[in-house]
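[1] Sharing a sequence plus its predicted fold:
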Amino acid sequence: MKKFYIFFGLLCVAHISVAQLEVNSTTGNVGIKTGASAPLSVLSVNTAGSTSNLVSMTTTKATSTGLFVYRAGGVINTSGTWVYVIDGRSEITDFNHNVGVRGEALMTTAQNTGRTFGVFGRAGNSTSRYNYGTVGLLEGAQNGVGIYGSVNTYPVGVSGRYAGYFEGNVKVTGTLTATNVQPSDKRFKKNIVSLSSEHVLDKVLKMNPIEYNYAQTTLRAAKPAGDTITPEVKMFDEKAQMFQKKHYGLVAQELQQLYPDLVYDGDEGFLNVNYIDIIPLLIQSIKELNGKIERLEAGANVGYLKSGENNAIQQWFLSDNGATEDLKLYQNAPNPFNERTTIQCYIPEQYKKVQLCVYTMQGVQVQCLNITERANVSIEIEAAALSAGIYSYVLLADGVASEAKQMILTK
């Protein structure tokens with residue numbers, strides 16, 4: 001009787017096992033807990049699977065792991081040996097989209113609970129300098145990227161070979177070590193306007209450079225209903241040099257009053273500054289400052305004019321208030337000269353009375369020619385009317401003056 005009960009128990013266990021394990025007699029596919037459905041994959045677990053999949057597994061339990069593989073134990077003495085827990089490879093040569101391993105964690109609709117990670121890489125405690133959470137490697141001779149990141153768009157064609165390529169904004173809270181090269185080809189630009197017509201120096205002088213240390217900022221959000229994690233992230237690593245050292249820069253709110261296009265709205269309502277675009281403003285400021293210096297030097301060479309009728313040019317030498325950007329005077333050619341020389345200039349139409357005046361280095365006016373033409377004008381100076389020496393010449397137009405130039409007459 002005892003043997004009968006043992007045999008009956010084994011028979012029940014075998015029946016239950018057969019009910020959960022099915023081998024399709026036609027295809028040889030194996031199914032585990034596939035129910036009444038025949039397994040379509042070579043191995044189907046908890047689902048009928050698909051003929052396009054070699055192995056199909058499905059889990060509907062919220063706390064369970066779909067596939068868990070754990071490697072433990074063993075010592076490998078051979079240096080440089082690669083050991084894999086999971087090795088996914090795809091070597092198809094005639095298919096458009098060749099994927100080695102795909103990870104996807106996507107809610108069907110926007111939620112206020114949980115976290116999603118398409119691929120989660122974690123590494124540590126190996127030989128120093130050789131711990132990588134995630135590695136992307138571009139091989140072969142064709143263009144492409146090692147790691148690609150985008151926002152709401154699938155990978156696009158990339159012209160070139162890059163270790164990383166990101167389609168969208170990239171944020172770094174620590175120190176970024178890089179050679180910064182920006183696209184600046186004219187073909188990428190429109191609405192191009194020279195800064196020469198603006199008084200950039202005046203605005204640059206109003207900028208307020210400061211020195212400062214970063215203040216730790218904690219980003220917080222209300223705990224979503226049903227979520228087990230309270231969102232709280234510190235923006236800076238307080239042990240990093242970036243946090244401990246002093247920095248130099250501008251306050252975004254102040255700069256926004258001068259150049260609003262240089263200030264961008266960031267996450268959580270914080271403002272960001274485009275420091276790279278300040279460089280052209282500094283270049284233009286140097287050019288404007290250099291122009292002032294040249295005019296002051298020319299004024300020192302000409303000296304103080306005593307004639308009342310030349311009061312406008314006298315004030316220009318002293319204060320530069322009469323200088324105008326649209327009245328242009330160019331260097332004479334040839335220079336030096338011994339017979340005649342030509343002076344080119346540009347005179348806008350709005351000026352009524354325009355003169356080209358020549359002065360000795362002592363500030364004595366020796367020649368003053370009335371100019372009736374406008375726009376691009378050429379003026380000839382004859383050597384016969386002057387003695388050998390160094391002269392300065394300037395355009396006077398309705399009370400304002402151009403920058404002064406010098407010419408040398410040899411006889």
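    Everything's here; your move.
[2] which residues of the stretch 101-250 of the chain score low on pLDDT?
    Applying pLDDT under 70 to the stretch 101-250 of the chain picks out residues 196-198, 219-233.
[3] try 80
    For the stretch 101-250 of the chain, the stretches with pLDDT under 80 are 113-114, 173-175, 196-199, 217-237.
[4] where along it do the strands fall?
    Along the stretch 101-250 of the chain, counting by DSSP state E, counting those that start in this stretch, strands occupy 144-150, 161-167, 210-212, 218-220, 232-234, 247-249.
[5] can you put those strands in CSV and add mean neighbour count and distance to residue 37?
    All C-beta atoms are positioned from the backbone trio N, CA, C, and that covers glycine. Listed next are these as CSV, based on neighbours: other C-beta atoms under 10 Å; distance: least, C-beta to C-beta, whole Å:
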stretch, mean neighbour count, distance to residue 37
strand 144-150, 14, 38
strand 161-167, 14, 41
strand 210-212, 10, 66
strand 218-220, 11, 48
strand 232-234, 11, 46
strand 247-249, 11, 64
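[6] Might one say that residue 272 is in contact with residue 255?
    No: taking C-beta atoms under 8 Å as the definition, residue 272 is not a contact partner of residue 255, at 10.7 Å.
[7] Which one of those two is surrounded by more residues?
    residue 255 (22 against 13; other C-beta atoms under 10 Å).
[8] Give me the residues contacting whatever helix or strand that one lives in.
    Per DSSP states H and E, residue 255 falls inside helix 252-258. For helix 252-258, contacts defined as C-beta atoms under 8 Å, 6 or more residues apart in numbering pick out 203, 206, 207, 208, 262, 263, 271, 272, 273.
[9] Could you identify the buried members of those residues?
    With burial judged by 16 or more other C-beta atoms under 10 Å, the buried subset of the contacts of helix 252-258 is 203, 207, 262, 263, 273.
[10] which of these lies closest to residue 345?
    Distances from residue 345 to the buried ones among the contacts of helix 252-258, taken as C-beta to C-beta, are shortest for residue 203 (29.0 Å).
[11] so who does the closest one touch?
    Counted by C-beta under 8 Å, 6+ apart, residue 203 has contacts 258, 259, 281.
[12] With adjacent residues omitted, what lies nearest to the second one?
    Think residue 259. Distance criterion C-beta to C-beta, 6 or more residues apart in numbering; nearest residue to residue 259, sequence neighbours excluded, is residue 203 at 7.1 Å.
[13] Residue 264 versus the one you found, what's the distance?
    According to C-beta to C-beta, to the nearest Å, residue 203 and residue 264 sit 19 Å apart.
[14] Spell out which residues sit in contact with residue 393, please.
    329, 332, 343, 356, 357, 358, 359, 381, 404, 405, 406, 407.
[15] Three-state assignment for it, please.
    What DSSP: H, G, I helix; E, B strand; the rest coil gives for residue 393 is strand.
[16] Show me the beta-bridge partners of it.
    Assessed by DSSP bridges, residue 393 has beta-bridge partners residue 358, residue 405.
[17] Can you check what pLDDT the model gives it?
    Looking at residue 393, its pLDDT reads 93.
[18] Okay, buried residues for the helix holding residue 255 please.
    By neighbour count, with 16+ other C-beta under 10 Å as the criterion, the buried positions of helix 252-258 are 252, 255, 256, 258.
[19] The residue lying closest to the first one once chain neighbours are set aside and residue 210, how far apart?
    Meaning residue 252. Nearest non-adjacent residue to residue 252, counting by C-beta to C-beta, 6+ apart: residue 271, 3.7 Å away. Remark: distance between residue 271 and residue 210 (C-beta to C-beta) = 15 Å.
[20] how about the CA coordinates for stretch 370-383, as CSV?
    Extracted as CSV, the C-alpha positions of stretch 370-383 are listed here (Å, rounded to 0.1, in the frame of the first residue of the first chain):
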residue,chain,number,x,y,z
ASN,A,370,35.5,122.4,-50.4
ILE,A,371,34.0,119.0,-51.5
THR,A,372,30.7,119.0,-53.3
GLU,A,373,30.6,115.3,-54.3
ARG,A,374,29.1,112.7,-52.1
ALA,A,375,29.5,108.9,-51.6
ASN,A,376,32.9,107.7,-52.8
VAL,A,377,35.1,110.7,-53.6
SER,A,378,38.7,111.0,-54.8
ILE,A,379,40.7,114.2,-54.0
GLU,A,380,44.1,115.1,-55.5
ILE,A,381,46.7,117.1,-53.5
GLU,A,382,49.3,118.8,-55.5
ALA,A,383,52.9,119.0,-54.0
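[21] Now do it: everything it contacts.
    332, 337-349, 351, 353-356, 358, 367, 369, 393, 395, 407, 409, 411.
[22] Give me the buried subset of the residues you listed.
    Neighbour counting by 16+ other C-beta under 10 Å classes 332, 337, 341, 343, 345, 347, 351, 354, 356, 358, 393, 395, 407, 409 among the contacts of stretch 370-383 as buried.
[23] what sits up against stretch 334-344?
    329-330, 332-333, 356, 376-383, 393, 405, 407-411.
[24] and the contacts of residue 393 as JSON lines, adding pLDDT and distance to residue 108?
    Formatted as JSON lines, the contacts of residue 393 follow (pLDDT from 0 to 100; distance: C-beta to C-beta, whole Å):
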{"residue": "329", "pLDDT": "91", "distance to residue 108": "72"}
{"residue": "332", "pLDDT": "93", "distance to residue 108": "78"}
{"residue": "343", "pLDDT": "94", "distance to residue 108": "77"}
{"residue": "356", "pLDDT": "94", "distance to residue 108": "79"}
{"residue": "357", "pLDDT": "93", "distance to residue 108": "82"}
{"residue": "358", "pLDDT": "94", "distance to residue 108": "84"}
{"residue": "359", "pLDDT": "92", "distance to residue 108": "84"}
{"residue": "381", "pLDDT": "93", "distance to residue 108": "84"}
{"residue": "404", "pLDDT": "90", "distance to residue 108": "75"}
{"residue": "405", "pLDDT": "91", "distance to residue 108": "75"}
{"residue": "406", "pLDDT": "92", "distance to residue 108": "78"}
{"residue": "407", "pLDDT": "93", "distance to residue 108": "81"}
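[25] excluding its backbone neighbours, what's nearest residue 234?
    Closest to residue 234 by C-beta to C-beta, 6+ apart is residue 218, at 5.4 Å.
[26] Next: residue 281.
    Leaving aside its sequence neighbours, residue 281 sits nearest to residue 200 (C-beta to C-beta, 6+ apart; 5.4 Å).
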